[in-house]
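1. got a predicted structure here, sequence first:
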Amino acid sequence: MAQRCDICGKGRMSGHQVSHAHNLSHRVWNPNLQRVRALVEGRVRKLDVCTRCLRSNRVAKAMRRRRVLQPASA
């Protein structure tokens with residue numbers, strides 16, 4: 001899975017992990033992505049969305065339909 005937000009395009013960032021002795025090692029920071037059922041152009045799709053987009057309401061979440069049980073006929 002590509003570590004990229006489907007809404008804002010935020011992706012992984014790379015840099016150095018710096019120890020107290022200033023030893024450098026490569027590391028990667030991934031965005032906090034959540035798999036969300038969202039309405040896109042009137043259809044329900046699953047999107048990978050970062051939590052910043054979720055908090056700022058950039059995504060219209062799809063509501064789940066509840067099944068209504070039919071009463072048993074006697």
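-> Thanks, I have the structure now.
2. what is the burial count for Leu39?
-> Around Leu39 there are 13 other residues, counting by other Cβ atoms under 10 Å. Yep, even glycine has a C-beta here, placed from its N, CA and C like the rest.
3. partners of it in the sheet?
-> Val44 (DSSP bridges).
4. my guess is it contacts Ala62. True?
-> Yes: look at Leu39 against Ala62 with Cβ atoms under 8 Å: they come within range, at 5.1 Å.
5. checking Cys53 next. Helix, strand or coil?
-> Secondary structure, DSSP: H, G, I helix; E, B strand; the rest coil: Cys53 is helix.
6. from what I can see it touches Cys5, true?
-> Yes: using Cβ under 8 Å, Cys53 is in contact with Cys5, at 6.1 Å.
7. where does this protein have low pLDDT?
-> The chain contains residues with pLDDT under 70 at 1, 74.
8. which stretches of this structure form strands?
-> Secondary structure of the chain by DSSP state E: the strands cover 13-18, 24-29, 33-40, 43-50.
9. got those strands as a markdown table, with distance to Pro71 columns?
-> Below are the strands of the chain laid out as a markdown table (distance: least, Cβ to Cβ, whole Å):
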| stretch | distance to Pro71 |
| --- | --- |
| strand 13-18 | 56 |
| strand 24-29 | 54 |
| strand 33-40 | 30 |
| strand 43-50 | 29 |
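10. among the ones you listed, which is nearest Gln70?
-> Counting by Cβ to Cβ, Gln70 lies closest to strand 43-50 out of the strands of the chain; the figure is 24.7 Å.
11. show me what the closest one packs onto, helices and strands only.
-> On a contact count with 3 or more Cβ pairs under 8 Å, 6 or more residues apart in numbering; DSSP states H and E, strand 43-50 meets strand 33-40.
12. buried stuff in the strand it packs on?
-> 33, 36, 38 (16 or more other Cβ atoms under 10 Å).
13. and what of stretch 7-16?
-> Using 16+ other Cβ under 10 Å as the test for burial, stretch 7-16 gives 7, 10.
14. measure that stretch end to end?
-> For stretch 7-16, the first-to-last residue distance is 27 Å (Cα to Cα, to the nearest Å).
15. what lies in contact with that stretch?
-> By Cβ atoms under 8 Å, 6 or more residues apart in numbering, the residues outside stretch 7-16 that reach it are 2-5, 24-31, 47, 49-50, 52-53, 58-59.
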